[in-house]
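Novice: Turn this into a model:
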Amino acid sequence: MTRSWLPTGLAILLMAGCLPARSESIPAQLIDARLELMREVAAAKWIAGLPIADPAREAALLAELADSALRYGLEPEGVVRLFEAQINAARVIQSYWFASWESHRAAPPDTASSLGLDLRPRISALGEQILAALATAPAPADAYEFDQVVSVEGLPDADKFAIREALLTLRGYPNRLAQVVESGRLRIGMAADYAPFSAAGTDDAPAGLDVDLAAGLAADLGVSLEIVRTSWPSLIDDLLANRYDVGMGGISLTEDRARVAAFTRPYHADGKTPIVRCADLARFPSLEAIDQPGVRVVFNPGGTNERFVRERLMQATRMLHPDNRSIFDELVAGRADVMFTDRIEVELQTERHPELCAAMETNLTYQEKAYLLPRDAVWQGCVDTWLAARIADTTVDAAFERHGVIRRPPRGEVQALLPSSAGSLPHCQHSPN
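Specialist: The predicted structure is shown next:
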């Protein structure tokens, strides 16, 4: 299978047989390609009169790479060691070329590529490719092979050895539970635009019942909580890119999502129902009355609200509104007539906006809310067991009530007698190697 992350030049060399094609040599090839750029970097700095070292930029780069490491299931400390060794090597290579040009052993450059527009983006892309390669291929164990692949002019053996040693000590996590516990970080993905589950306030900090429950999960695991902002259109892509560990915030359990991701047990049952201005209640007693020419139906993109509108309404005017946090203002202001959303949101918004009313007493669909997870049996077992315990000890019900809504148990929910402390949950136990 062709790996899309291979640089074009490197892919050509592999196909031509100029470099070893074994998977364990690929990280070394990418490191070599990254260090080869240092002559061009030196030329750009030489012409611009810039110093070789840039401590502030290097520190920021290492911090970004530590975050990126978790997206590839790699230990951040090991990733930082590996790129620190490459940064040190890059300085040495650039110093070599500066000394060559100063002594006229080599002709000084008179033109160079742009440092900001060309070279740094290429270096950054190669850094991501190195992480992607290490997530799927081992580091080269053979010192001779590594030395043959990484052969950049101006790179001393000591710096080459430091990079190889850092490669050998780098390790990945066996599963997501290990990653969360050992890194001390629980990353919760939220669109943060769906009250009462999660919605950003005036300070842009998400709040809601799922934010409360996320904090409880982090506390029970003994790790810090990080909210990662996602969106309904990018929800699955961000999960598959490992940008977060658990998706929360009122996510509906759907077949499409379940094909590529995992879910916990459902913790709330809901369904689509229309919300309208109270003055228009008599106009919209049914779905048929709403699906008429001239009726303006507003919806937010990327989730089950959009799907419902596109699948069930054929004659009404469908109006996309990009921000779910302000979408109800469209109804209040008279710029739209109807919105379809979950019953729990309708109940909350009719309290916040006295001008708005639920148009129907019954739901038009049945949907369950659950937490979205990567396909990782160990991690799924932990989060699912934790959620069952929190349902059993009424923590979940209390979170709903605290935010002014009532939880509706899904069909067939079993209140299993589970321990109330995460320390007693066998699926959440992890002992570092």
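
Novice: Show me how far stretch 273-290 is from its chain's centre.
Specialist: 38 Å (C-alpha atoms, centre = their mean, to the nearest Å).

Novice: swap in stretch 90-109?
Specialist: The answer for stretch 90-109 is 41 Å, by C-alpha atoms, centre = their mean.

Novice: okay, it in CSV with CA atoms only?
Specialist: C-alpha atoms of stretch 90-109 as CSV (Å, rounded to 0.1, in the frame of the first residue of the first chain):
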residue,chain,number,x,y,z
ALA,A,90,20.4,21.1,12.7
ARG,A,91,22.3,23.8,14.6
VAL,A,92,25.6,21.9,14.0
ILE,A,93,24.9,21.5,10.3
GLN,A,94,24.0,25.2,9.9
SER,A,95,27.1,26.2,11.8
TYR,A,96,29.2,23.9,9.5
TRP,A,97,27.9,25.8,6.4
PHE,A,98,28.3,29.2,8.0
ALA,A,99,32.0,28.3,8.8
SER,A,100,32.4,27.0,5.2
TRP,A,101,31.1,30.2,3.7
GLU,A,102,33.1,32.4,6.1
SER,A,103,36.3,30.6,5.3
HIS,A,104,35.4,30.4,1.5
ARG,A,105,35.7,26.7,1.5
ALA,A,106,32.4,26.9,-0.3
ALA,A,107,31.0,29.8,-2.2
PRO,A,108,28.5,31.8,-0.1
PRO,A,109,24.9,31.7,-1.3
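
Novice: From the chain's centroid, how far away is the strand or helix carrying Ser95?
Specialist: Using DSSP states H and E, Ser95 maps to helix 76-102. Chain-centre distance of helix 76-102: 30 Å, with C-alpha atoms, centre = their mean.

Novice: for it, which positions count as buried?
Specialist: Within helix 76-102, the residues scored as buried using 16 or more other C-beta atoms under 10 Å are 76, 78-87, 89-94, 96-98, 100-101. Quick note: C-beta positions are derived from backbone N, CA and C, even for glycine.

Novice: how about the CA coordinates for stretch 211-229, as PDB?
Specialist: What follows is stretch 211-229, C-alpha atoms only, in PDB (Å, rounded to 0.1, in the frame of the first residue of the first chain):
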ATOM      1  CA  VAL A 211     -18.500  19.100  30.900                       C
ATOM      2  CA  ASP A 212     -19.400  18.200  34.500                       C
ATOM      3  CA  LEU A 213     -19.300  14.500  33.700                       C
ATOM      4  CA  ALA A 214     -16.000  14.900  31.800                       C
ATOM      5  CA  ALA A 215     -14.500  16.500  34.800                       C
ATOM      6  CA  GLY A 216     -15.700  13.500  36.900                       C
ATOM      7  CA  LEU A 217     -14.200  11.000  34.500                       C
ATOM      8  CA  ALA A 218     -10.800  12.900  34.600                       C
ATOM      9  CA  ALA A 219     -10.900  13.000  38.400                       C
ATOM     10  CA  ASP A 220     -11.700   9.300  38.700                       C
ATOM     11  CA  LEU A 221      -8.800   8.500  36.400                       C
ATOM     12  CA  GLY A 222      -6.500  10.900  38.200                       C
ATOM     13  CA  VAL A 223      -5.600  12.900  35.200                       C
ATOM     14  CA  SER A 224      -6.100  16.500  34.000                       C
ATOM     15  CA  LEU A 225      -9.000  17.500  31.700                       C
ATOM     16  CA  GLU A 226      -8.500  19.200  28.400                       C
ATOM     17  CA  ILE A 227     -11.400  20.300  26.300                       C
ATOM     18  CA  VAL A 228     -10.700  20.000  22.500                       C
ATOM     19  CA  ARG A 229     -13.000  22.000  20.400                       C
END
